[in-house]
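In: Just to be clear, the model below is a prediction. Sequence and coordinates:
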Amino acid sequence: MIIQTSTTMVHVVLLFCICLCKLAGVFAGLDAVESVSVTEGDSVTLDSGLNDIMDEDLILWRFGYNKTLIAEISALEDSTAVFDDVLDERFRDRLKLDLQTGSLIITNITEEHAGLYTLQSNTVRKNFTLTVYAFSAHLPVPVISSNTSQCSSSSSSSSQQNCSLVCSVVNVGHVTLSWYKGNSLLSSISVSDLSISLSLPLEVEYQEKNSYSCVINNPIKNQTTHLDISKLCHTCSVSKLVPISAAAAGSLLILTAILIFCICRKCRKTDQEAEINEDEVTYIEPTFYKRQARTPVVKEDDHVEYAPINKSR
């Protein structure tokens, strides 16, 4: 008697545990929501999770939080129906049913088909959130720029310097912007709003050899820009020295040009003066004449008187 009672209690406990597990699975199914993304104009299949429809299955597909019935399969009555005239006929000629699995197929999707879809059957209940991305809304290419005003050394006592970068995109929505080092994610930022601008900073060593890339993506596609450190990153000392060197080189060129101009002008002036002097001077061949010796002529007077000469002692 005691053995039979113990066996019965064990069976009751096992049955209770099985029921709890079943209920937990049902409620978990009610709360779980599967996200599905698609581009406008494409088709999507909402999978029922069934391999085959059973003889007594009743499958109902509903749309929106108001649970509007849009499709139905009744295996017991061997009937199928799509209600594409509801909700202002937004599903007109766009709904199909897989008669083997009960999955719902939506074709030529537009943005008005985005929302909550609910599957309910005898054995399964599933929720889907459908996101539709506009075909014309392309993802922009991320732009990487350097923030030169943030050029700073990694520490006050270290000569190693860092380069501050910013990756940015404009007019985006429902995207994630990320920095990658090789294949490793460094940082990311996500946004669910429409037409917003995003920017994500990054600081690297200017001599670093690792590969970095900035990626923007949504569930449909992505765009990537790779970082070229040699073009965007320079040391602070180099960035300050370049303008000074350029100014010095420019001044030297100006002084050299002025000096050459003065020398050329002086040489030209000297040549002009020499030409003027040559024009004013006339050279004549000298002529030499032989001079004849002149003999003095003494005239004798007709009457000469001689006077005595007295000598004194």
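Out: Okay, I see it.
In: so which helix or strand takes in the closest residue to Phe128 other than its chain neighbours?
Out: Nearest residue to Phe128 in three dimensions, chain neighbours excluded: Tyr117, at 4.3 Å (C-beta to C-beta, 6 or more residues apart in numbering). C-betas here are computed from N, CA, C, even on glycine. Assigned by DSSP states H and E, Tyr117 belongs to strand 115-120.
In: returning to that earlier point: return the residues in contact with the residue nearest to Phe128.
Out: 46, 61-63, 104, 127-130 (C-beta atoms under 8 Å, 6 or more residues apart in numbering).
In: just to revisit the earlier point, partners of the strand holding Tyr117 in the sheet?
Out: strand 58-63 (antiparallel), strand 125-133 (antiparallel) (DSSP bridges).
In: Spell out the residue ranges of the helices in this protein.
Out: Remark: helices assigned in the chain by DSSP state H are 2-31, 229-232, 236-280.
In: out of the contacts of Tyr117, which one sits closest to Thr176?
Out: Nearest to Thr176 among the contacts of Tyr117: Thr129, at 17.3 Å, using C-beta to C-beta.
In: if we can go back for a sec, confidence score at the residue nearest to Phe128?
Out: At Tyr117, the predicted lDDT confidence score is 96.
In: same check, this time on the one 3 residues further on
Out: In the prediction, the pLDDT value recorded for Gln120 is 93.
In: what about it, distance to Leu60?
Out: To Leu60, Gln120 is 5 Å away according to C-beta to C-beta, to the nearest Å.
In: from the strands paired with strand 115-120, which stretch is densest packed?
Out: Mean neighbour count (mean count of other C-beta atoms under 10 Å) peaks for strand 58-63 among those, with a mean of 21.
In: What are the neighbouring residues in contact with Asn171?
Out: Contacts of Asn171 by C-beta under 8 Å, 6+ apart are 140, 195-197.
In: now do Thr45
Out: Neighbours of Thr45 in contact, by C-beta under 8 Å, 6+ apart: 98, 103-106.
In: Switch the residues you listed over to TSV; also include pLDDT.
Out: Output for the contacts of Thr45, formatted as TSV (pLDDT from 0 to 100):
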residue	pLDDT
Asp98	94
Ser103	95
Leu104	95
Ile105	96
Ile106	96
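In: Just the buried ones among those, please.
Out: 98, 103-104, 106 (16 or more other C-beta atoms under 10 Å).
In: Among these, which pair sits farthest apart?
Out: Farthest-apart pair in the buried ones among the contacts of Thr45 is Asp98 and Ile106; separation 12.1 Å (C-beta to C-beta).
In: how near is Met260 to Ile254?
Out: Actually, residue 260 is Ile rather than Met. Ile260 is 11 Å from Ile254, by C-beta to C-beta.
In: same check, this time on Val44
Out: Distance from Val44 to Ile254, by C-beta to C-beta: 71 Å.
In: Between those two, tell me which one has more neighbours.
Out: Set Val44 next to Ile254 and count neighbours by other C-beta atoms under 10 Å: Val44 wins out with 19 against 10.
In: Report the contact partners of the more buried one.
Out: 36, 38, 105-106, 109, 130.
In: now those in CSV, with distance to Val169?
Out: Converted to CSV, the contacts of Val44 look like this (distance: C-beta to C-beta, whole Å):
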residue, distance to Val169
Val36, 25
Val38, 22
Ile105, 34
Ile106, 30
Ile109, 25
Leu130, 25
